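A.B. asks: Sequence below, structure please.
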Amino acid sequence: MNTKQLVALSAGVLFGLQTFAQRTPSPSPAAAIHQTVGITDFKVTFSRPSLKGRTGFGATADAQTVRQYGQLWRTGANAATTVELSTDATFEGQTLPAGKYSLFSIPVATGNWTIIFNKDVNASEQSYKQENDALRLSVAPKNHPRLESFTIWFSDLTDNTANLNFCFDQTQIVLHVGVDTKGLVQAGIDKALAEKPEDAATNQRAASYYLSSGENLEKGVSLIDKALASGENYSKLWTKAQLLMKLAKYKDALPLAQKALSLGNANPDGAFSTFFKGQIENGIQDIQSKLPAVEDVKKVIPSKKKKS
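C.D. replies: The predicted structure follows:
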């Protein structure tokens, strides 16, 4: 091997070692969670310190304690933990506007912790300023089975509520989160219909929402009628049939459901074959069970006799 080859080989090995050395395991690995509640998106980014034989919280800051009681904590490690929400939401009943915030807390040995959402997403424990707080909460901690690594998670999800939890060692904080999903959806529907009042897809989506919510059913019928004016398909017909079923208008719903099944069978797509076909067939049976049989009607309404 000549000198040039040796130099090139050495440079390659050195470059490889440098590349490998650019990333090493972090003592507090980064993490992120995404969660949708109703139609509101939440994103939390944080780093996860571990106990490593220490106590999570204590009266003094020493080698045996990760965090000292009574001191501002970035609620994680490394850079401040951040919480981002796509719409306004409530935390413990108090409103936090849509946006991105740093999450701080003040742990205490007894009593309630202070939980802080701060507008400065780059704030540190040293640069934090209370005047930038968007929201301050007083929350009672709970006992939790010991967690080695600091953890944040969402739980107990509904369309309108969730819990945002964080826990370290044996201490858990639970923040009750609320979103106005109904109001947000209605505002979105109103905006879409105002922009495209004659659009079939927009009208059908709005009608489908009223169907699923069980509210404004008559308005849902008028919207699906506007969608049907541009052409019939099994999906639109079945949507109207279901709205009429919820309004107990079974006699009107039956022919629409039967036509929806016929159109779907004539030109089946994947959604019809795997989901809607069985649903419509069951729906037709349900409607028929609620309609009086022809013979029963005849018994109730006697035929008129001809006069001699």
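A.B. asks: Quick check: mean pLDDT of stretch 197-213?
C.D. replies: Averaged over stretch 197-213, pLDDT sits at 96.
A.B. asks: burial count for D286?
C.D. replies: The local packing of D286 (other CB atoms under 10 Å) involves 13 other residues. Quick note: C-beta positions are derived from backbone N, CA and C, even for glycine.
A.B. asks: That one and M245 touch, don't they?
C.D. replies: Yes: between D286 and M245 a contact is recorded at 7.5 Å, counting by CB atoms under 8 Å.
A.B. asks: Not counting its neighbours along the chain, what's nearest L228?
C.D. replies: Spatial nearest neighbour of L228, excluding adjacent residues (CB to CB, 6 or more residues apart in numbering): K236 at 5.1 Å.
A.B. asks: what about the stretch 201-308 of the chain, any weak spots by pLDDT?
C.D. replies: 293-308 (pLDDT under 70).
A.B. asks: which residues touch E281?
C.D. replies: Each residue near E281 by CB atoms under 8 Å, 6 or more residues apart in numbering is listed here: L261.
A.B. asks: That one sits in which helix or strand?
C.D. replies: helix 277-290 (DSSP states H and E).
A.B. asks: could I get that helix in PDB with only the CA atoms?
C.D. replies: The C-alpha trace of helix 277-290 is given here as PDB (Å, rounded to 0.1, in the frame of the first residue of the first chain):
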ATOM      1  CA  LYS A 277     -74.200  -4.100   2.200                       C
ATOM      2  CA  GLY A 278     -74.700  -5.900   5.500                       C
ATOM      3  CA  GLN A 279     -75.600  -2.700   7.300                       C
ATOM      4  CA  ILE A 280     -78.300  -1.800   4.700                       C
ATOM      5  CA  GLU A 281     -79.700  -5.400   4.700                       C
ATOM      6  CA  ASN A 282     -80.000  -5.300   8.500                       C
ATOM      7  CA  GLY A 283     -81.500  -1.900   8.300                       C
ATOM      8  CA  ILE A 284     -84.200  -3.100   5.900                       C
ATOM      9  CA  GLN A 285     -85.100  -5.900   8.300                       C
ATOM     10  CA  ASP A 286     -85.300  -3.500  11.200                       C
ATOM     11  CA  ILE A 287     -87.600  -1.100   9.200                       C
ATOM     12  CA  GLN A 288     -89.800  -4.000   8.200                       C
ATOM     13  CA  SER A 289     -90.100  -5.200  11.700                       C
ATOM     14  CA  LYS A 290     -91.500  -1.800  12.700                       C
END
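A.B. asks: Which positions within that helix qualify as buried?
C.D. replies: By neighbour count on 16 or more other CB atoms under 10 Å, the buried set for helix 277-290 is K277, I280, G283, I284, I287.
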